[in-house]
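S.K.: I would like the atomic coordinates for the input below:
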Amino acid sequence: MDKKKCTAIVLSAGQGKRMGTAIQKQYIELSGKPIIFYTLDAFQKSEIIDDIVLVVGEGQENWVRDEIVEKYQLTKVRSIIPGGKERYDSVWAGLCGLHALKEQPEYVFIHDGARMFVDEQILTRGYENVEQFGACVAGMPSKDTVKLVDEDQFAVNTPPRKLIWAVQTPQIFKADLIENAYAKLMEEVPDNITDDAMVVEQMMKVPVKLYEGSYENIKITTPEDLEIAKVFLAKRKEKYHK
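M.R.: Below you'll find the model as predicted:
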């Protein structure tokens, strides 16, 4: 059976305030290239992904086109569009941007630009799961015991660790499902929406399957994450140059 069309919406509009740097985290360079390059390059080389809609900070479109997309020949990037104030605003902008594509996708992969270690294995598992379930999210079982606390930080519950997963991206959906979910969300006043799965769960009452991502598929958010990323990047370079 032929593979169905897959479009990645890559979110690169975040301010990255927790990083504490003058430059946004996705444009910080590691081994001479910006973090967002490594993310986009994984989708560029993927046999699963057909094209990319890149969502950036408002006013950054031309700079990103010149200094990243064209400089590194990321030809799958079909459009570069400005994001919004919140993550869900940027996702909605990306979903609206799908309509400018020549061919509409069957599946949409929504991915954080600061998760530079997404790889073909993660994308392949995601495609297999979205084909079967229509909505799926990369994640990994928690290594730690997790406590639910009250407003005063006293523990009130300890969920069984085997039921706790740390959620990652890509978060993958049938295109009509995720578009309809966000269309409903944007008619309301969104509150405490932290990922796309929540939108599908709450707006459409559709269950979302979790599938195995990778413990290396970290989101670079703090200076400590940068140090970890340097180690992972060195390991990958060593692997591919053997």
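S.K.: residues contacting residue 208?
M.R.: Taking C-beta atoms under 8 Å, 6 or more residues apart in numbering, we find residue 208 in contact with 133, 135-137, 171, 197, 200-201. Glycine gets a C-beta too; all of them are placed from N, C-alpha and C.
S.K.: how many neighbours does residue 128 have?
M.R.: Residue 128 sits with 13 neighbouring residues when counted by other C-beta atoms under 10 Å.
S.K.: any idea which element it lies in?
M.R.: helix 120-133 (DSSP states H and E).
S.K.: elements contacting that helix?
M.R.: helix 35-45, strand 107-112, strand 135-141, strand 165-174, strand 209-212 (3 or more C-beta pairs under 8 Å, 6 or more residues apart in numbering; DSSP states H and E).
S.K.: and with 7 Å instead?
M.R.: strand 135-141, strand 165-174, strand 209-212 (3 or more C-beta pairs under 7 Å, 6 or more residues apart in numbering; DSSP states H and E).
S.K.: Hmm, residue 146 and residue 164 touching each other?
M.R.: Yes: taking C-beta atoms under 7 Å as the definition, residue 164 is a contact partner of residue 146 at 5.0 Å.
S.K.: Quick one: residues in contact with the helix holding residue 128.
M.R.: 6, 46, 48-49, 107, 109, 136, 138, 170, 172-173, 209, 211-214, 217 (C-beta atoms under 7 Å, 6 or more residues apart in numbering).
S.K.: buried stuff in the longest helix seen in the chain?
M.R.: Secondary structure of the chain read by DSSP state H shows that its longest helix is helix 223-240. Using 16 or more other C-beta atoms under 10 Å as the test for burial, helix 223-240 gives 225-226, 229, 232-233.
S.K.: tell me the average confidence for that helix?
M.R.: Mean pLDDT, helix 223-240: 87.
S.K.: by contact count, what packs against that helix?
M.R.: Checking 3+ C-beta pairs under 7 Å, 6+ apart, helix 223-240 ends up next to strand 29-30.
S.K.: quick one: strands adjacent to the strand it packs on?
M.R.: Applying DSSP bridges to the sheet, strand 29-30 is found paired with strand 33-34 (antiparallel).
S.K.: Now do the helix holding residue 128 against strand 165-174, angle only.
M.R.: If you take axes from the mean of the first three to the mean of the last three C-alpha atoms, to 10 degrees, helix 120-133 sits at 60 degrees to strand 165-174.
S.K.: Neighbour-wise, which one of the contacts of residue 208 leads?
M.R.: residue 171 leads the contacts of residue 208 on contacts (other C-beta under 10 Å) with 28 neighbours.
S.K.: shouldn't that residue be in contact with residue 199?
M.R.: No: counting by C-beta under 7 Å, residue 199 is not a contact partner of residue 171; they are 9.4 Å apart.
S.K.: for the residue most central in space within the chain, what are its contacts?
M.R.: Nearest to the mean C-alpha position of the chain, by C-alpha atoms, centre = their mean, lies residue 111 at 1.6 Å. Shown in contact with residue 111 (C-beta under 7 Å, 6+ apart): 8, 10-11, 118, 169-170.
S.K.: ok, what's across the strand from it?
M.R.: With DSSP bridges as the rule, residue 111 is bridged to residue 10.
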